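1. take this sequence and fold it.
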Amino acid sequence: MAQQSTSGSPPATGDKFFSAPHFRQPDPAQALQWLRLYPLAAMITAGASGLRATSLPFVVEKDDPADIQLLGHLAARNAHAAELSSSAEALIVANGPSAYISPRWYAQSANVPTWNYVGLQLRGPIELLPAEAGRRYVLERTIDEFERRAAAPWRLSDAPQDLVARLLGGIVAFRIGPCRLECVEKLGQNKPGADADGTIAGLRAEGDEMGHAIARLMQRIFTPPS
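-> Below is the predicted model of the structure:
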């Protein structure tokens, strides 16, 4: 998904997440929903020791398409943390549901296996939040995000303050943004009609939980609204 360059946003230097155009999700709001649903993503940076990657839960702090901001934190003892200050940019790679697609499910026999999936990539500069207030803010936002469905959400203030102090002393918190966002929803858009029907039926019959999720997404694409 190419974005126009706007004030305060990173320049559009060309798509970096490979995909055929008909698989791209052009709506930033819909794309960010995938990160909210599947918040555990890989953060990849290049530092003095080369490439490093850490899997972390991310929180969308701002969802303005021209100024997307993410919050995250990692353990201070993680060697990746020591190199974040020297990282000009981070790449965040998140994955939604995915499933193997068998050619047995197509109406046309001249086909090969493929993989349907949802993928999301965000790129942006890292801003470290070294002050205690910044680290506390990131923890509180993260906890509030993942406790929001609870009838009585747990809060950071519920923990003993000496435990919170130790926790704050053992993390590195950061913000990433403004982020360039690209999203791919490869759901067989190039295989309509009988091929799509067969794929959906095959996923429902043979797929696991992820396969069933892909089947539901495909059904929404190929079933006209009533």
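
2. span of stretch 82-89 from start to end?
-> Start and end residues of stretch 82-89 are separated by 15 Å (CA to CA, to the nearest Å).

3. can you give me the helices for the protein?
-> Along the chain, counting by DSSP state H, helices occupy 28-37, 79-83, 132-147, 161-169, 194-206, 209-222.

4. residues near residue 118, how many?
-> Using other CB atoms under 10 Å, residue 118 has 23 other residues around it. Backbone N, C-alpha and C define where each C-beta goes, glycine included.

5. give me the pLDDT for it.
-> Residue 118 carries a pLDDT value of 97.

6. quickly list what it is bridged to.
-> Taking DSSP bridges, one obtains residue 185 as the residues bridged to residue 118.

7. ok, back up a step: need the helices of the chain in CSV with mean neighbour count, can you?
-> Rendered in CSV, the data for the helices of the chain read as follows (neighbours: other CB atoms under 10 Å):
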stretch, mean neighbour count
helix 28-37, 17
helix 79-83, 16
helix 132-147, 16
helix 161-169, 12
helix 194-206, 18
helix 209-222, 17
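
8. what's near enough to touch residue 69?
-> Counting by CB atoms under 8 Å, 6 or more residues apart in numbering, residue 69 touches 60-62, 175-179.

9. swap that for residue 119, sorry
-> 17, 93-96, 183-184, 186.

10. inside strands: which ones of those?
-> 93-96, 183-184, 186 (DSSP state E).

11. where does pLDDT dip in this structure?
-> Regions of the chain meeting the criterion pLDDT under 70 cover residues 1-15, 86-87, 224-226.

12. hang on, the earlier thing: buried subset of the contacts of residue 119?
-> 17, 93-94, 96, 183-184, 186 (16 or more other CB atoms under 10 Å).

13. and which of the residues you listed is nearest residue 142?
-> Minimum distance to residue 142 across these is 15.6 Å, recorded for residue 94 (CB to CB).

14. not counting sequence-adjacent ones, nearest residue to that closest one?
-> Take residue 94 and drop its neighbours on the chain: the residue closest to it by CB to CB, 6 or more residues apart in numbering is residue 41, 3.7 Å away.

15. I'd assumed residue 35 was in contact with the one you found.
-> Yes. The criterion here is CB atoms under 8 Å, and residue 41 meets it with residue 35 at 6.9 Å.

16. so what sits against both of these two?
-> Counting by CB under 8 Å, 6+ apart, the residues touching both residue 41 and residue 35 are 58, 94, 120.

17. number of residues surrounding the first one?
-> As a burial measure, residue 58 scores 22 neighbours (other CB under 10 Å).

18. list the contacts for it?
-> Counting by CB under 8 Å, 6+ apart, residue 58 makes contact with 35, 39-41, 43, 70-72, 92, 94.

19. how about the second one?
-> Contacts for residue 94 (CB under 8 Å, 6+ apart) come out as 34-35, 38-42, 58, 119-122.

20. which residues does stretch 188-200 contact?
-> 20, 22-23, 101, 105-108, 111, 116, 215, 218-219, 221-222.

21. coming back round to it: and of the helices of the chain, who's closest to residue 50?
-> Closest among those, using CB to CB: helix 79-83, at 9.5 Å.

22. return the list of helices and strands in contact with that closest one.
-> Packing partners of helix 79-83 (3 or more CB pairs under 8 Å, 6 or more residues apart in numbering; DSSP states H and E): strand 40-47, strand 50-57, strand 67-75.

23. if we go to 10 Å?
-> Helix 79-83 sits against strand 40-47, strand 50-57, strand 67-75, strand 171-176, with contacts defined as 3 or more CB pairs under 10 Å, 6 or more residues apart in numbering; DSSP states H and E.
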